[in-house]
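>>> below are the sequence and a predicted model; questions follow.
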Amino acid sequence: MGVLDHLFDLFETTPRGKKRKPMQTVDIKVKMDCDGCERKVRNAVSSIRGAKSVEVNRKQSRVTVTGYVDPNKVLKKVKSTGKRAEFWPYVPYNLVAYPYVAQAYDKKAPSGYVKNVVQALPSPNATDERLTTLFSDENPNACSIM
């Protein structure tokens, strides 16, 4: 793979000082009510230079753009359609330690998702606590090796 990358760099037409944007996925929350709204957002985002794929999920109010794009430019382009938009504020339910914290649980969130807030994540010392109580006599579910 290194040889191909080297050859690509030799024949690349972009100027030397300009770095290419990394391939990334940008998720944006956009309220869409009808097919016309969905089409308007899809056409606006797919016209962005560097966008490789655009997925619009009206049920989740989510637009996913994959490609060599700047997240802020994608957000600005979606907002230019007249829709209220923000970066996707949710994370999958199973990645959060405390999904029912008051700030994390959101009734408007799609099923299987909770808000991405600091209170839902475990504290940095939490792993140490779990390991020390694993073999504790006070823990009724502790491992007993005797």
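Perfect, I can see it now.

>>> which strand or helix spans residue 73?
helix 71-79 (DSSP states H and E).

>>> starting at the chain centroid, how far to that helix?
Helix 71-79 sits 15 Å away from the centroid of its parent chain (C-alpha atoms, centre = their mean, to the nearest Å).

>>> which helix or strand lies directly C-terminal to that helix?
Tracing the chain C-terminally past helix 71-79 and defining elements by DSSP H and E, one meets strand 85-87 next.

>>> ok so, going back, go ahead and name everything in contact with the helix holding residue 73.
Contact partners of helix 71-79, identified using C-beta atoms under 8 Å, 6 or more residues apart in numbering, comprise 24, 26, 28, 30, 41, 44-45, 47-48, 51, 63, 65, 85-87. C-beta here means a position set from N, CA and C on the backbone, and glycine is covered the same way.

>>> what comes up buried for that helix?
73, 74, 75, 77, 78 (16 or more other C-beta atoms under 10 Å).

>>> now stretch 51-63
For stretch 51-63, the neighbour count (16+ other C-beta under 10 Å) marks 51, 54, 56, 58, 60, 61, 62, 63 as buried.

>>> now do stretch 96-106
Result for stretch 96-106 [16+ other C-beta under 10 Å]: buried residues 96, 99, 101, 104, 105.

>>> then stretch 80-99?
So stretch 80-99, judged by 16+ other C-beta under 10 Å, has buried residues 81, 83, 85, 88, 90, 91, 96, 99.

>>> and if you look at stretch 22-40?
In stretch 22-40, counting by 16+ other C-beta under 10 Å, buried: 26, 27, 28, 29, 30, 32, 37, 38, 40.
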